[in-house]
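> Generate a structure from the sequence data that follows.
(one chain, ligands or ions: 2)
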Amino acid sequence: MSETRKSSMPPGVDWLPVDEAQARLRAALTPLTAVQTVAPADAVGRVLAADAVSRRANPPRANSAVDGFGFAHADAAAEMPLAQGRAAAGQPFDGALPQGHAVRILTGAILPEGVDTVVLQEESHVTGDRVRFDRMPKPGANTREAGEDLPEGAVALQAARRLTSADIALASALGIAELMVRPRLRVGVLSTGDEIIASPDQPAKPHQIWDANRPMLLALARGWAAEAVDLGHAPDDPAAIAAALDRGAAGCDLILTSGGASAGDEDHVSRLLGERGDLTAWRIAMKPGRPLALAFWNGTPVIGLPGNPVAALVCALIFARPAAGLIAGEGWRAPLAFTVPAGFAKSKRPGRREYLRARLNADGAAEVFESEGSGRISGLSWADGLVELPDGALEVAPGTPLRYLPFQSF
Ligand SMILES: Nc1nc2c(c(=O)[nH]1)N[C@H]1C(S)=C(S)[C@@H](COP(=O)(O)OP(=O)(O)OC[C@H]3O[C@@H](n4cnc5c(N)ncnc54)[C@H](O)[C@@H]3O)O[C@H]1N2
Ligand code: MOO
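Numbering: from 1, shown residues only. Ligands and ions are numbered 1, 2, ... in the order given. Next up, the predicted model:
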């Protein structure tokens, strides 16, 4: 049936599938190679340049997992004499535990010599200097072995990993005071177009619009743990655009532009990049976001995103996000996707991959925004992610399994 369906693509142009465009982008880019050292506390979002290795075992010694009473299981009894003193976290028991005795022990305390098992305090009863247990646990109960989390010298975090807050905890716990990381990626963002007013604190006439793409892309870049470099707004004037690209190339590792990416009379970005920047302009078989450009301006990669804000965001997520990751040293990472049932119906024509603004309803089904219009920015806010419809034809009915890409996974 799908073969008889009319394609949604205008004829006469070579349309590049999304996967192919991603592969070409990936092949054209090179990662940063410089290395810096940072303290774990400053390392969240940074990309590891070398494996991080544990300086000592975690935990360093066997210790108690609970508050209770410890003893040697081999000579335990239902009732035992209590030793003087106690073992607490940070305050180890002094000396070895006398044979046949139990000792008061708290969570996190190193097991004193002679202790291998701990009984919960809720299952223990102290009378004077004796303790009685409701039941005898297995040997080793309620204890944590030395190195059970990680042994000394183990690779705790692998090179190319983008560090999370959990990684910061792990590195700190393992005594790693310095992490070798890649420099923070500097992402320049430039808006173009005569109609664009750079900031909402300036007035806009009816034929003018406030810049939506630049603040969006700058915020997105910050979310990638990059240093977002505001290259401002340039009118549809090749000299002004070239000057902004010169500034960007001097101080950035990647430049994102929006607008002027297609082939209209005022599409100066693509013309300029074609003349001076080894442009590869692609017509991508996707909706939204057909025009996408890749060029190198004085050696710095420039991704020319389409002007329509919805297309700019979708192209930024599908192309610029993994490209930024590759340059930053984490490799080309596909976003996390989940299979969810459709909460809508749609008859999709073959020919291009479609990204619909979507969110999950209370039943976990994906609902889509009421309009597919590429200028409907409110739909981006309404959505929590994108539904990705395949390149071919698809009859979507409620319940049809679909790929859902939450915005958080970008
Ligand atoms: N004859 C054709 N016309 C168009 C085609 C096509 O294939 N053939 N493709 C359409 C599609 S799809 C898109 S997307 C746009 C992309 O064009 P450009 O990248 O050249 O973008 P502009 O024309 O400069 O702007 C498009 C649209 O977006 C608004 N815009 C631009 N920058 C911003 C910004 N920073 N903040 C908010 N809005 C912005 C701009 O005013 C336009 O309305 O081309 C279609 N046309
Ligand atoms: O990229 Mo355009 O906005 O697909 O519609």
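> Any figure for the gap between residue 357 and residue 259?
Computed as C-beta to C-beta, to the nearest Å, the residue 357 to residue 259 distance reads 21 Å. C-betas here are computed from N, CA, C, even on glycine.
> Look at these two and report which has more neighbours.
residue 259 (29 against 26; other C-beta atoms under 10 Å).
> And the closest residue to residue 370 other than its chain neighbours, how far from ligand 1?
Distances taken as C-beta to C-beta, 6 or more residues apart in numbering put residue 379 closest to residue 370, at 7.6 Å, once the chain neighbours are dropped. Distance, residue 379 to ligand 1, using C-beta to the nearest ligand atom, to the nearest Å: 14 Å.
> Going by neighbour count, which residues of the strand or helix carrying residue 379 are buried?
Using DSSP states H and E, residue 379 falls within helix 377-382. Within helix 377-382, the residues that qualify as buried are 377, 379-380, counting by 16 or more other C-beta atoms under 10 Å.
> and that helix, what does it pack onto?
Helix 377-382 sits against helix 309-315, strand 353-360, with contacts defined as 3 or more C-beta pairs under 8 Å, 6 or more residues apart in numbering; DSSP states H and E.
> So is the shortest one next to ligand 2?
Yes. Part of helix 309-315 sits near ligand 2 under the criterion C-beta under 6 Å from any ligand atom, namely residue 311.
> what are the ranges of the strands in the stretch 201-350 of the chain?
Under the criterion DSSP state E, counting those that start in this stretch, strands of the stretch 201-350 of the chain are mapped to 209-210, 227-234, 254-258, 280-283, 286-287, 291-297, 300-305, 338-341, 346-348.
> Partner strands of the last one, with direction?
Which is strand 346-348. Paired strands of strand 346-348, with direction, are strand 394-396 (antiparallel) (DSSP bridges).
> before we move on, what about the second one?
For strand 227-234, sheet partners with direction are given as strand 186-192 (parallel), following DSSP bridges.
> and the strand it pairs with with strand 300-305, angle?
Interaxial angle, strand 186-192 versus strand 300-305 (axes from the mean of the first three to the mean of the last three C-alpha atoms, to 10 degrees): 40 degrees.
> what residues does strand 186-192 touch?
With contact meaning C-beta atoms under 8 Å, 6 or more residues apart in numbering, strand 186-192 is reached by 198, 211, 213-214, 217-218, 221, 224, 226-236, 241, 244-245, 247-248, 251-260, 268-269, 307, 324.
> Which of those are buried, as a ChimeraX select command?
A single ChimeraX command selects the buried members of the contacts of strand 186-192 (16+ other C-beta under 10 Å):
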select :211,213,214,217,218,221,224,226,228,229,231,232,233,234,236,241,244,245,247,248,252,253,254,255,256,257,258,259,260,268,269,307,324
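> Can you mark which positions in stretch 36-47 are buried?
If you call a residue buried by 16+ other C-beta under 10 Å, then stretch 36-47 has these buried ones: 40, 43, 45-47.
> quick one: the residue of the chain at minimum distance from ligand 1 and residue 46, what's the gap?
Here the residue of the chain nearest ligand 1 is residue 307; by C-beta to the nearest ligand atom that distance is 2.4 Å. From residue 307 across to residue 46, the span is 32 Å (C-beta to C-beta).
> Residue 332 is in contact with residue 321, isn't it?
No. Counting by C-beta atoms under 8 Å, residue 332 does not reach residue 321; the two are 9.9 Å apart.
> Look up how far residue 399 lies from the nearest residue to residue 401 once chain neighbours are set aside.
Of all residues not flanking residue 401 in the chain, residue 339 sits nearest, at 5.0 Å (C-beta to C-beta, 6+ apart). Distance of residue 339 to residue 399, given as C-beta to C-beta: 12 Å.
> more crowded one of those two?
Set residue 339 next to residue 399 and count neighbours by other C-beta under 10 Å: residue 399 wins out with 11 against 8.
> where does the protein come near ligand 2, residue by residue?
Counting by C-beta under 6 Å from any ligand atom, the residues of the chain near ligand 2 are 287-290, 306, 308, 311, 374.
> after the helix or strand containing residue 81, next one along is what?
Element membership of residue 81 [criterion: DSSP H and E] is strand 79-87. Downstream of strand 79-87, the first helix or strand assigned by DSSP H and E is strand 102-105.
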